[in-house]
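Visitor: My questions concern the predicted model and sequence given below.
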Amino acid sequence: MQWWSNCNTDPSVCKGVAQARLGSRLRGPRRRRLTAAGVIGALVLSMMTTVGVTTSPAYAQTVINGCTIVAHPNATRFTDCPGANLAGANLSGINLSFANLSGAQFISCPQVAPFVCGDNAVLTGTDLKKANLSDANLSGVGLSGDNMQDSNLLGTILVMCYFSENGPMCNFASLTGAKLNDANLTDASTSSCATMNFGDGIGVVSHCGGASMSGADLAGANLTGDDLSWTVLSDARLTGATLTGATFSECAPSNPDIPACSAADFAGAKIKGADLSGMQMEGVDFSGADLAGANLSNANLSPFVEDGGLFSSPTNLSDANLKLGDLQDANLNGAALTGARLNGAQMDGANLSYAGVDNANLTDANLTDANMANATLSGAHLTGVTWSNTTCPDGTNSNNDEDTCVNNLG
């Protein structure tokens, strides 16, 4: 708030002759009244400074692309712009927590040549905590480091691949380091493939891509039904996340000479104690991931092989922490487990045939009924391992080899 006077806001002009004349004229009660008013004014100004009164209204609002942005939002008073067209809008640093932006468009995809999507909204440093972004199109938008805690991303488009006159393209959201803990990403578009038939000579070709969530905090997030085949989740925190019905690897229809196959990237991710039992995770990269205490029983961790056999990629668990994990009856055929920490893991009935378990720590692991035929265990720590009816790497049975496989490692 500004205080205007005949001094034109410059106290210096009030000094000198004019001020002296004013003082010489005022006498008696009027002067006392002015003096008292001055004291009261000073007190009021002091009180306003103390309570933090500013020139801005308590709930100043701005309008961006026709959407009224509510200042200082809360659970009952928030920005409400469902279906808004926010392509090209600069929303950097704006507090959109609790906002209803369901179905909003944050990117423009013209229906004219060259059919290239662009004019992305800018959301750098935007607060989207508890925002409703269900069915919104956030493909191509940078959300790195943004606070999206407890946000609703049900059915949200995070990546969109297509063919344009400029060639195959993918617009994918960058959620690197974003705070997505407890967010609802059920059925969100986290991977996308575009397929086109180019006719004789080339045939069908697919172009695919996925959202980047590297280093994101997804603790407690719900990723039910998401296609994570092309998604980058390296170094992400997924403790307590729900992955029910998620797809971890896939091949899109494509010319055999131009395969379009991929598996999820969880390298270095923190998935401690996760329930991944019975899931199909062929070819997934879990290298260096923290899976301590995770339930991987009956999970399929064998190589990801394209139907025609022209593409094959083993599941990578190298240097992963699987300490005290449940791997009972898991299919680890051909898996890379070099340097993995498997101490205390329950691996009874697991299929480890052709697996590379070199330099892994299997101290106190349970390998009852496990199949380790043709597995390599060079440099592996095998102290306290339970060998019972275990098929050893050389094909013999531990029960016929003094209840151990340490002398039959092939």
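Guide: Sure thing, it's come through.
Visitor: What pLDDT does the model give F311?
Guide: For F311, the model assigns a pLDDT of 75.
Visitor: so how many other residues sit close to it?
Guide: F311 has 18 neighbouring residues, counting by other CB atoms under 10 Å. C-beta: built from backbone N, CA, C; applies to glycine.
Visitor: One more: the one 4 residues further on?
Guide: Neighbour count for T315, taken as other CB under 10 Å: 28.
Visitor: in the stretch 301-410 of the chain, what spans have low per-residue confidence?
Guide: Confidence mapping of the stretch 301-410 of the chain against pLDDT under 70 gives the ranges 307-310.
Visitor: just the helices in it please.
Guide: For the stretch 301-410 of the chain, applying DSSP state H, counting those that start in this stretch gives no helices.
Visitor: where does the stretch 1-150 of the chain have low pLDDT?
Guide: 1-60.
Visitor: For stretch 327-337, measure first residue to last.
Guide: End-to-end span of stretch 327-337 (CA to CA, to the nearest Å): 13 Å.
Visitor: Stretch 128-145 now?
Guide: Using CA to CA, one end of stretch 128-145 lies 11 Å from the other.
Visitor: and if you look at stretch 124-142?
Guide: 7 Å.
Visitor: Then stretch 130-137?
Guide: Start-to-end, stretch 130-137 (CA to CA) is 17 Å.
Visitor: any idea how far it is from the chain center?
Guide: Distance, stretch centre to chain centre, for stretch 130-137: 15 Å (CA atoms, centre = their mean, to the nearest Å).
Visitor: Over to stretch 207-217?
Guide: Distance of stretch 207-217 from the chain centroid (CA atoms, centre = their mean) equals 7 Å.
Visitor: Likewise for stretch 328-346?
Guide: Counting by CA atoms, centre = their mean, stretch 328-346 is centred 27 Å from the centre of its parent chain.
Visitor: And stretch 282-302, by the same measure?
Guide: 19 Å.
Visitor: Stretch 311-322 too?
Guide: With CA atoms, centre = their mean, you get 21 Å for stretch 311-322.
Visitor: Repeat that for stretch 245-254.
Guide: 19 Å.
Visitor: And the helices in the chain?
Guide: Counting by DSSP state H, the chain has these helices, from start to end: 17-25, 28-51.
Visitor: Enumerate every residue touching A131.
Guide: Shown in contact with A131 (CB atoms under 8 Å, 6 or more residues apart in numbering): 96-101, 148, 151-152.
Visitor: Sorry, slip of the keys, the one I care about is A236.
Guide: The contact partners of A236, by CB under 8 Å, 6+ apart, come to 213-218, 266, 269-270.
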